[in-house]
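> Here is my input; please provide its structure:
(chains A and B)
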2 protein chains.
Amino acid sequence: MATPAFDYYQTHRDRFLDGLKTLLKIPSISTLPEHKADVRRAAEFVANELRLMGMRGVEIIEGGANQNPLVYAEWLEAPGKPTLLLYGHYDVQPPDPLEEWVSPPFEPTIRNENIYARGAVDDKGQTYLLLKAVEGFLRTEGKLPINVKFLIEGEEEVGGEHIEEYVEKHPERLKADAALVCDTEMFAPELPTLTTGLRGLVYTEVEARGAAHDLHSGMYGGAAPNPFQALAEIVTGLKGPGGKIRIPGFYRRVKKPSRKELDAWKRLPFKEKEFLKKEVGSTALVGEKGIPVLERLWARPTLEVHGIRGGFTGEGAKTVIPAVATAKVSMRLVPDMDPREVIRQFTSYVKNLTPNGIRTTVRLLSSAPASVVSTESPYIAAAAEAMEQVFKKKTVYMRSGGSIPIVGLFSKHLGIPSVMMGFGLPDDNLHAPNEKFHLPNFYRGIEAVGRYFELLGR
Amino acid sequence: MATPAFDYYQTHRDRFLDGLKTLLKIPSISTLPEHKADVRRAAEFVANELRLMGMRGVEIIEGGANQNPLVYAEWLEAPGKPTLLLYGHYDVQPPDPLEEWVSPPFEPTIRNENIYARGAVDDKGQTYLLLKAVEGFLRTEGKLPINVKFLIEGEEEVGGEHIEEYVEKHPERLKADAALVCDTEMFAPELPTLTTGLRGLVYTEVEARGAAHDLHSGMYGGAAPNPFQALAEIVTGLKGPGGKIRIPGFYRRVKKPSRKELDAWKRLPFKEKEFLKKEVGSTALVGEKGIPVLERLWARPTLEVHGIRGGFTGEGAKTVIPAVATAKVSMRLVPDMDPREVIRQFTSYVKNLTPNGIRTTVRLLSSAPASVVSTESPYIAAAAEAMEQVFKKKTVYMRSGGSIPIVGLFSKHLGIPSVMMGFGLPDDNLHAPNEKFHLPNFYRGIEAVGRYFELLGR
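Residues are numbered from 1 along each chain as shown, chains lettered A, B, ... in the order given. So this is what the prediction gives:
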């Protein structure tokens, strides 16, 4: 691979790292309104890099309910060659709990060949490597082996309404043969991996209201309804102790993956004991009995509570029965489940479970269907080969339990498959304290994407 | 009642109100460590008032785990007359949720003959009226009809360990014939009320730990244990939808009140519909079926959740499965229940209810037994008469669902009954936003206490 672009990848590693650090220092937390200006700074940083490396038509696209801009750029001077739509996101999750970070979340720090920062792997590092892969060609040869369009968003972590609207309204501008989505992980260190399926997501807030105002538990305990008790009963009613979701009709459209896919998963280097011990670190795993862990994570829907707000949670003892409490509850969906149907089933069952004296409201915060990509596509085959050449190992296929709504949108509105090359590692602490990105994977990611361009350009 | 003391009460009303406002402005929140200095300022204010009015041996007593001082003072120059131990507390509950206050919690504001401020009724207003009742005698006649000792504490809202230790160690110094505790409420406006029973309290924090660190619900949902799910199952397991507590042995020592007491409660001006509509404001009341509301509130134990900490509760959608979540859970006890036994039963049942993959820890934050006072005591009879003379209505007896641990301690270590004269109203928003004290009750409280001294001095 001794072409000018690959020489460039080798000699500019330090500069690539500096650029990544600059991006990681921007606290572009899209879920927190107070970071709106930071989200914009990150968009401007990305747009500026695209401009400097020689991309055409660089544009910061305003709009969307959250006002988090999209960044678009194109280079379309390879007639007759395929066009790839490159996707990533520059926004990040909130960093809390802050006290568990070894180094501050927005001061990127290198320890043991890993760069630690919020967004390191999800998704600034993996977005930035797409930029650098393109830069290698444009800076050395002045051209790319294929046509590319960048579409980088700033609200992936908050529902992605803006990109959804944009993709729906501008299929002509975004027209491409396939999308390259860099926002997933490898099944294991050193094991090149393509993700071919994703779970969908329905994220809600369930508000429970009891009394008209906060009450003293001494004076009213035993007669006044307690919203926490109601939420506990609702949560317990939604999901049984065995992990089975009790919402009527919830599993109706869930299909078992093909025998072939299940067999391939069985051959993956997965040890339940190690997963429990090294990744989860609890005393036991939970979930539906009789279903293997990978199938539970990739091909079964689940329901989780993420936080419960209300009452008194400070130090010490306050004896309050709050007027209102709110639980954040999400569900992961698998292919064929319809998010709108799930929302209806969920809302109606929450009402059913609501105890006497309590009024509940369900608010939808975001939703996206699950998606699967066919491994028969030539774009998948070329991606597998590109990764294989860089990692010197056979590429494996996996699904992910996470959700990347854009993949469903690209399929629905542009009619194109998404190739999900991922360079994260299972212990990269995605969405958790001490998020990191393994630097060798950052550099190999640039090379694998560059190699993918070359293979597609032949 | 045209004695010099009662003239003084009439003519010094404005000054009494100014003094109360000064005390209410001090944010002496004992549950929040950052208000430690404010708690001390409140103690110093009380001590200074006692000194100025002519009390002897005024002392700020240091000690206790929380370092919130006690204030002691005495006047023992009425030989042969009874000695009354006057109790109140100068600390207050946290004011949150702040946004629900009409006027700021530490800027006392008068609207419709009520003074609004955190601590107005609980217990600064009712403590201050004890001081003013004594002041009336000392400033006009230079003496009191009886002997009095003041013991004012600064950590009632945080467990009261300091006073517990002090009462246990200094029974000689605190020796008295009865205690007068001004920290309760009237059954209804204009209805003079003595409280003759209190529920006890066991306040705990239940911590649930699952994974070693926070996890992404997409990557791990369906296999990793979720502490919120565990807490929901534990809470639902502790108390059934009907309000029945399921802890084995919990009700073993609970006795039904006497037929006479129950009949007296039935005669109280209580309308369940009005209580629901005006006081609670929910769509329905909850609790054990077949047991009248007042009996549920005063003579039945209950269990309540006050807050659940952990995960993500900010704006928007964060898909985290937290490593740890904590619920604040308290139980109210009735006479004959042993707090230590309840703590053992609770802890053991929480362990039983803890699902696979989760480790729970129960921390005890405070505890106190319930108490009942005999209505046969002459100190109760005189108190009933004093209130009757001031309010011009027959005094009723009630119990309270709240807990005043000091009453149990006075009984246990000093062997004296506590007379609970209360001047709060049911809608005073105790422990809630917009706490208030009805000013006519502040002034009548001073007179009733003054009259009580006279009656006891005869």
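> Give me the phi and psi for the residue of the stretch 301-450 of chain A found nearest chain B.
Residue of the stretch 301-450 of chain A nearest chain B, by Cβ to the nearest Cβ: A:Gly402 (2.9 Å). From N, CA and C alone the C-beta is placed, and that goes for glycine too. For A:Gly402, the backbone dihedrals (degrees, to the nearest 10) come out as phi -80, psi -180.
> measure it to B:Lys289 for me?
46 Å (Cβ to Cβ, to the nearest Å).
> What of A:Ile321?
Distance, A:Ile321 to B:Lys289, using Cβ to Cβ: 20 Å.
> More neighbours: the two, which one.
A:Ile321 (31 against 8; other Cβ atoms under 10 Å in any protein chain shown).
> give me the number of residues near the closest residue to that one other than its chain neighbours?
By the measure of Cβ to Cβ, 6 or more residues apart in numbering or on different chains, the closest residue to A:Ile321 outside its immediate chain neighbours is A:Leu215, 4.5 Å from it. Using other Cβ under 10 Å, A:Leu215 is surrounded by 29 other residues.
> pLDDT weak spots in chain A?
A:1-2 (pLDDT under 70).
> can you tell me which helix in it is longest?
For chain A, the longest helix by residue count, based on DSSP state H, is helix A:439-457.
> What about A:Asn112, how many residues nearby?
Neighbours of A:Asn112 using other Cβ under 10 Å come to 8.
> gap between it and A:Gly402?
Where A:Gly402 is concerned, A:Asn112 sits at a distance of 25 Å (Cβ to Cβ).
> got it, and A:Gly307?
In terms of Cβ to Cβ, A:Gly307 sits 19 Å off from A:Gly402.
> ok, now A:Ala448?
Where A:Gly402 is concerned, A:Ala448 sits at a distance of 21 Å (Cβ to Cβ).
> returning to what we had before: might one say that the residue of the stretch 301-450 of chain A closest to chain B is in contact with B:Leu215?
No: the criterion here is Cβ atoms under 8 Å, and A:Gly402 misses it with B:Leu215 at 11.3 Å.
> residue ranges of the helices in chain A, please?
A:4-11, A:13-24, A:36-52, A:125-140, A:161-169, A:217-220, A:227-238, A:259-267, A:272-274, A:293-299, A:339-353, A:378-391, A:405-409, A:439-457.
> what's the residue lying farthest from the centre of chain A in contact with, if anything?
If you look at how far each residue of chain A sits from its centre, by Cα atoms, centre = their mean, the farthest one is A:Met219, at 46.8 Å. Residues near A:Met219 by Cβ atoms under 8 Å, 6 or more residues apart in numbering or on different chains: B:297, B:400-402, B:426, B:430.
> Make a ChimeraX selection of whichever of the residues you listed turn out to be buried.
Buried residues among those (16 or more other Cβ atoms under 10 Å in any protein chain shown), as a ChimeraX selection:
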select /B:297,400,401,402,430
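> near chain B, which residues of the stretch 1-150 of chain A?
Residues of the stretch 1-150 of chain A lying close to chain B by Cβ under 8 Å from any Cβ of the partner chain are A:30-33, A:93-94, A:96-97, A:100.
> Rebuild the residues you listed as TSV, extending it with neighbour count.
Converted to TSV, the residues of the stretch 1-150 of chain A next to chain B look like this (neighbours: other Cβ atoms under 10 Å in any protein chain shown):
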residue	neighbour count
A:Ser30	27
A:Thr31	21
A:Leu32	21
A:Pro33	13
A:Gln93	27
A:Pro94	22
A:Asp96	19
A:Pro97	18
A:Glu100	14
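> What is the burial count for A:Lys343?
One correction, residue A:343 is Ile, not Lys. A:Ile343 has 16 nearby residues by other Cβ under 10 Å.
> my read: it touches A:Leu365, true?
No: A:Ile343 sits out of contact with A:Leu365 when judged by Cβ under 8 Å, with a separation of 10.9 Å.
> which residues do these two both contact?
Counting by Cβ under 8 Å, 6+ apart, the residues touching both A:Ile343 and A:Leu365 are A:Thr204.
> thinking again about what came up before, tell me how far the residue nearest to A:Ile321 lies from A:Ala223.
9 Å.
> any shared contact partners between these two?
With Cβ under 8 Å, 6+ apart as the test, A:Leu215 and A:Ala223 both reach B:Val280.
> and A:Phe150, how far is that from chain B?
Taking Cβ to the nearest Cβ, to the nearest Å as the measure, A:Phe150 falls 25 Å from chain B.
> does that residue have beta-bridge partners, and which?
Here A:Phe150 sits in beta bridges with A:Ala73, A:Leu86, going by DSSP bridges.
> Now for it: which residues touch it?
A:50, A:55, A:71-74, A:86, A:130-131, A:134.
> check contacts around A:Ile321.
So A:Ile321 contacts A:210-211, A:214-217, A:220-221, A:224, A:226, A:311, B:304, B:306 (Cβ under 8 Å, 6+ apart).
> Could you rerun that using 7 Å?
Neighbouring residues of A:Ile321 by Cβ atoms under 7 Å, 6 or more residues apart in numbering or on different chains: A:211, A:214-215, A:217, A:220-221, A:224, A:226, B:304.
> Kindly report the same for A:Leu70.
Neighbouring residues of A:Leu70 by Cβ under 7 Å, 6+ apart: A:61, A:151-153, A:162-163, A:166.
> Where does the stretch 51-200 of chain A get nearest to chain B, residue-wise?
Closest point on the stretch 51-200 of chain A to chain B, by Cβ to the nearest Cβ, is A:Val158, at 5.3 Å.
> Need phi/psi at the closest residue to that residue other than its chain neighbours.
Spatially, and ignoring its direct neighbours in sequence, A:Val158 is nearest to A:Ser30 (4.3 Å; Cβ to Cβ, 6+ apart). As for A:Ser30, its main-chain torsions (degrees, to the nearest 10) stand at phi -80, psi -20.
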